[in-house]
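Asker: For reference, the sequence and a predicted model appear below.
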Amino acid sequence: MTEGLRYAYAVVRDTGAPEAALDALTALEGVTGVAGESVYAVRHLGLAALAGVVPAEDFDEGPLRERLEDMAWLEKMARAHQRVVDTAGAESCVIPVRLATVCHGDEGLRRMLATGRERFAAALDRLEGRVEWGVKAYATQPAAEEPPAAGAADAASTPNSPGTMSGRDYLRRRKAQRQAAERRWGDTEEGARLAHDTLSGLAEQSRLHPPQDPRLSGISDRNVLNAAYLVRREDSAGFAERVGELAGRTPALRVELTGPWAPYSFTAMDDGTESAGADG
Amino acid sequence: MGERDSVTTRGGVAPTAGAYGSPASSLGSSGSYGLAGRGEGGANLADILERVLDKGVVIAGDIRINLLDIELLTIKLRLIVASVDKAKEMGIDWWEHDPSLSSRARSEVTGGENRETTA
């Protein structure tokens, strides 16, 4: 069966073991992909692409483009993609490929492996034995002072009715509120920087992601730090412990740890030149 | 196997295969914050999207889809750009040290604006 479309999830090293014994595939037993299909491996040049057979009516160029405009479909696809990548990554080093990488048949997957051969091999060498941990810090809300999604709703300029208060009192109160918010912001920013500096010191590499918008994350607290850290598997417990300590140190911050993830944030091939750039 | 076991030694956040990539823990001053963004699948969709869309090896498959041509994803990226602008406004600039991010964000800003004016 070599005809039809293939959806690629990730690339792993071909250990030469029989397909049934590839660690990544063993982990994926019972896990289905973006089309509910089972995941298999196509091997070429010492690499193996983890892929699934997907129907053309959803994954050919036109339909795929359309489907991607559907939030429910996109979410389902993104979650399935992530589930496959991270489940496979629990057992061995996987290099994720970007969402919606689709090839024609096994031949197409082999072409993809050949094209990216050096990049994949270099990434596997670099990332073997490492996992990614995500750390986000949020400024906790002072009790009902500001509307929650202040960042998003600024432009709407809610009138905030002065009620019976005199104009002067109102302005004075607004000023005090603003100053309190600024002080608080200073604290959380400092706390987030400290957390990032500390965690960067424990990690091999770090990446700062843009803060998440509340409309996307569904979390209204202001996201002041959104970072990814590349950590050796065996150092993960220590890393997580450190995150816990940092969380306890700054009451104005809520810290969230996610992972371990496959090393998504560290696959970029220009890493050589930019590595440690964010570590400062 | 052995490698993964070392990760699972931390009692509360055992990353079993099923929970892989899910929030391991939420640690904070008052403990019990909800994880509003989490769907039934576990991890926050924003966490997943920023990884599967923006990260990972970009290699041309046979089906050519430029994710930036996808309106929905452009909207999503606009949300990120909005956050970056907000951070910048507040004098936070650490994200600027991420070259992939800043170049992406900049090209997206121009693209997004053009599209918006015609909308």
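Answerer: In hand now; what should we look at?

Asker: A:Ala35: what secondary structure?
Answerer: For A:Ala35, the secondary structure call by DSSP: H, G, I helix; E, B strand; the rest coil comes out as coil.

Asker: So what's the residue count around it?
Answerer: Per other C-beta atoms under 10 Å in any protein chain shown, the neighbour tally for A:Ala35 reads 15. Backbone N, C-alpha and C define where each C-beta goes, glycine included.

Asker: Could I get the pLDDT score of it?
Answerer: A:Ala35 is assigned a pLDDT of 97 by the prediction.

Asker: Show me the domain layout of chain B.
Answerer: For chain B, automatic domain parsing gives the domain ranges B:1-43, B:53-119.

Asker: same question for stretch A:166-184, mean pLDDT?
Answerer: Stretch A:166-184 shows a mean pLDDT of 82.

Asker: Likewise for stretch A:46-60?
Answerer: Averaged across stretch A:46-60, the pLDDT comes to 96.

Asker: ok, and does that stretch reach over to chain B?
Answerer: Yes. Interface with chain B: stretch A:46-60 contributes A:59-60 (C-beta under 8 Å from any C-beta of the partner chain).

Asker: ok so, going back, which stretch in the domains of chain B has the least confidence?
Answerer: Across the domains of chain B, the lowest-scoring stretch is domain B:1-43, with a mean of 35.

Asker: Mind listing the residues bridging to the spatially closest residue to A:Ala41 that is not a sequence neighbour?
Answerer: Spatially, and ignoring its direct neighbours in sequence, A:Ala41 is nearest to A:Ala48 (4.3 Å; C-beta to C-beta, 6 or more residues apart in numbering or on different chains). Beta-bridge pairing of A:Ala48 under DSSP bridges involves A:Val12, A:Arg43.

Asker: What residues does A:Ala48 make contact with?
Answerer: A:11-14, A:22, A:24, A:41-42 (C-beta atoms under 8 Å, 6 or more residues apart in numbering or on different chains).

Asker: For chain B, see how far away it is.
Answerer: From A:Ala48 across to chain B, the span is 14 Å (C-beta to the nearest C-beta, to the nearest Å).

Asker: How about A:Thr32?
Answerer: Look at A:Thr32 and chain B: by C-beta to the nearest C-beta, they are 13 Å apart.

Asker: for that residue, what are its contacts?
Answerer: A:38-39, A:52, A:80.

Asker: Out of those residues, which end up buried?
Answerer: A:39, A:52, A:80 (16 or more other C-beta atoms under 10 Å in any protein chain shown).

Asker: ok, so of those, who is nearest chain B?
Answerer: Closest to chain B out of the buried ones among the contacts of A:Thr32 is A:Ala80 (8.9 Å), distances taken as C-beta to the nearest C-beta.

Asker: With adjacent residues omitted, what lies nearest to the closest one?
Answerer: Leaving aside its sequence neighbours, A:Ala80 sits nearest to A:Val34 (C-beta to C-beta, 6+ apart; 4.4 Å).

Asker: So A:Asn223: helix, strand or coil?
Answerer: Three-state assignment for A:Asn223 (three-state DSSP): strand.

Asker: how about the strands of the stretch 101-250 of chain A, start to end?
Answerer: Using DSSP state E, counting those that start in this stretch, the strands of the stretch 101-250 of chain A run over A:130-139, A:205-208, A:222-232.

Asker: next one: phi and psi at residue 54?
Answerer: I'll assume chain A. Per-residue torsions, A:Val54: phi -120, psi 150 (degrees, to the nearest 10).

Asker: my bad, chain B
Answerer: Dihedral pair for B:Asp54: phi -100, psi -20, per degrees, to the nearest 10.

Asker: measure it to A:Asp23 for me?
Answerer: Going from B:Asp54 to A:Asp23 by C-beta to C-beta, to the nearest Å gives 27 Å.

Asker: So if I had to pick from the two, which one is more boxed in?
Answerer: Comparing B:Asp54 with A:Asp23 by other C-beta under 10 Å, the one with more neighbours is B:Asp54, at 22 against 18.

Asker: re the thing from before, closest one to chain B out of the contacts of A:Ala48, please.
Answerer: Closest approach to chain B among these (C-beta to the nearest C-beta): A:Val11, at 7.3 Å.

Asker: Using the three-state scheme, assign A:Ala41.
Answerer: Assignment for A:Ala41 (three-state DSSP): strand.

Asker: Count the neighbours of it for me.
Answerer: For A:Ala41, the neighbour count with other C-beta under 10 Å is 19.

Asker: can you check A:Glu75 too?
Answerer: 15.

Asker: cool, the one 3 residues further on as well?
Answerer: A:Ala78 has 21 neighbouring residues, counting by other C-beta under 10 Å.

Asker: What distance do you get for it to chain B?
Answerer: 5 Å.

Asker: Which residues are in contact with that residue?
Answerer: Applying C-beta under 8 Å, 6+ apart, we find A:Ala78 in contact with A:99, B:45, B:48-49, B:52-53.

Asker: Give me the subset of those that lies in helices.
Answerer: Among the contacts of A:Ala78, the ones falling in helices (DSSP state H) are B:45, B:48-49, B:52.

Asker: hmm, back to that, relative to A:Arg126, which of the contacts of A:Ala78 is nearest.
Answerer: B:Val52 (20.2 Å; C-beta to C-beta).

Asker: Which ones among the ones in helices among the contacts of A:Ala78 also lie next to chain A?
Answerer: B:45, B:48-49, B:52.
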